[in-house]
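Asker: test case, fold it:
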Amino acid sequence: MKWGLFGGTFDPIHTGHLRCAQEILEDLNLDRIIFIPASQPPHKTDWDITPFYHRKKMMKLALEGNPSFSISDTEDRKDEKSYSVETIRHFLDDPTSNSELYFIMGQDAFHNIQTWKDWERLLLLCNFVVMTRPGYKVKDLHGILPQEFSGQFKFESASGRFKSPTGFHIYFREVTLLAISSTDIRERAKKGQSIRYLVPDTVSHYISEQFLYKDS
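Answerer: Numbering: from 1, shown residues only. Purely as a prediction, here's the structure:
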């Protein structure tokens, strides 16, 4: 089995997230994409994050009907900040799973990977999939990672991926990046503007019913 791990705040989840996940699923022939909402994301402290219960409920509504998509609440079981290195370790240590893991992240996040906890160990734990914008090309990692570390990765031109010393790979995959952001959706909802077609209808209805993103 090949599992994709797609982490994020998802406040709220939107059609851009869903479309990118579907394309990665098909491109790398994954069996499942597991969405992992962060409980206390360390890189996002500049706004009041919607309670985990609501974000998880919106994700369940958004993923209905796609048997290849599921949710893990592993990061909500902690009373501290969520770190990707610990989340991946959780899946690797699960005795009931024997799946090959693919950690999915955006291009901007990968370029800032050195700010992540234990980033060097993180990049050697499993496969990574970096979702890129159209036209983005990379044949070496030297401009992104320190040379002494990036030099351990071998570029495989036939597949366009980088092989790590632990035998895993970093894939750069162009996806249909819709110009949709959770920040914009929250602002529109706050102002009473329509968010139709930015999120699934079920999510839009939930946001309205629960008065999410409105001033308290």
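Asker: test my guess that Arg196 contacts Ser204.
Answerer: Yes: the criterion here is C-beta atoms under 8 Å, and Arg196 meets it with Ser204 at 6.0 Å. In this view, the C-beta of every residue, glycine as well, is placed from N, C-alpha and C.
Asker: who has more neighbours, the two?
Answerer: Ser204 (20 against 10; other C-beta atoms under 10 Å).
Asker: in which helix or strand does that one reside?
Answerer: In this structure, Ser204 sits in helix 201-209 according to DSSP states H and E.
Asker: mind checking the pLDDT average for that helix?
Answerer: Averaged across helix 201-209, the pLDDT comes to 98.
Asker: can you give me the strands in this structure?
Answerer: Listed from the start of the chain, the chain has strands (DSSP state E) covering 2-8, 32-37, 69-71, 100-106, 127-132, 154-156, 161-163, 169-174.
Asker: in a markdown table: the ones you listed, plus mean pLDDT.
Answerer: Shown next, in a markdown table, are these (pLDDT from 0 to 100):
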| stretch | mean pLDDT |
| --- | --- |
| strand 2-8 | 96 |
| strand 32-37 | 97 |
| strand 69-71 | 98 |
| strand 100-106 | 97 |
| strand 127-132 | 97 |
| strand 154-156 | 95 |
| strand 161-163 | 97 |
| strand 169-174 | 96 |
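Asker: export those strands to JSON lines and tack on distance to Glu148 and mean neighbour count?
Answerer: Converted to JSON lines, those look like this (distance: least, C-beta to C-beta, whole Å; neighbours: other C-beta atoms under 10 Å):
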{"stretch": "strand 2-8", "distance to Glu148": "27", "mean neighbour count": "21"}
{"stretch": "strand 32-37", "distance to Glu148": "31", "mean neighbour count": "22"}
{"stretch": "strand 69-71", "distance to Glu148": "38", "mean neighbour count": "17"}
{"stretch": "strand 100-106", "distance to Glu148": "22", "mean neighbour count": "20"}
{"stretch": "strand 127-132", "distance to Glu148": "19", "mean neighbour count": "22"}
{"stretch": "strand 154-156", "distance to Glu148": "15", "mean neighbour count": "12"}
{"stretch": "strand 161-163", "distance to Glu148": "15", "mean neighbour count": "19"}
{"stretch": "strand 169-174", "distance to Glu148": "17", "mean neighbour count": "18"}
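Asker: measure the residue nearest to Glu120 when sequence neighbours are not counted to Pro165 for me?
Answerer: In space, and not counting its chain neighbours, Glu120 is closest to Phe149: 6.1 Å by C-beta to C-beta, 6 or more residues apart in numbering. Counting by C-beta to C-beta, to the nearest Å, the gap from Phe149 to Pro165 is 10 Å.
Asker: of those two, who's got more company?
Answerer: Neighbours per residue (other C-beta under 10 Å) separate Phe149 from Pro165, with Phe149 holding more: 15 against 10.
Asker: surely Ile185 meets Ile195?
Answerer: Yes: between Ile185 and Ile195 there is a contact under C-beta under 8 Å: 5.3 Å.
Asker: surely Phe168 touches Leu125?
Answerer: Yes: at 7.5 Å, Phe168 and Leu125 qualify as touching, with contact defined as C-beta under 8 Å.
Asker: neighbours around Arg186, how many?
Answerer: The burial count for Arg186: 18, using other C-beta under 10 Å.
Asker: go on, Val85?
Answerer: Applying other C-beta under 10 Å, we find 17 residues neighbouring Val85.
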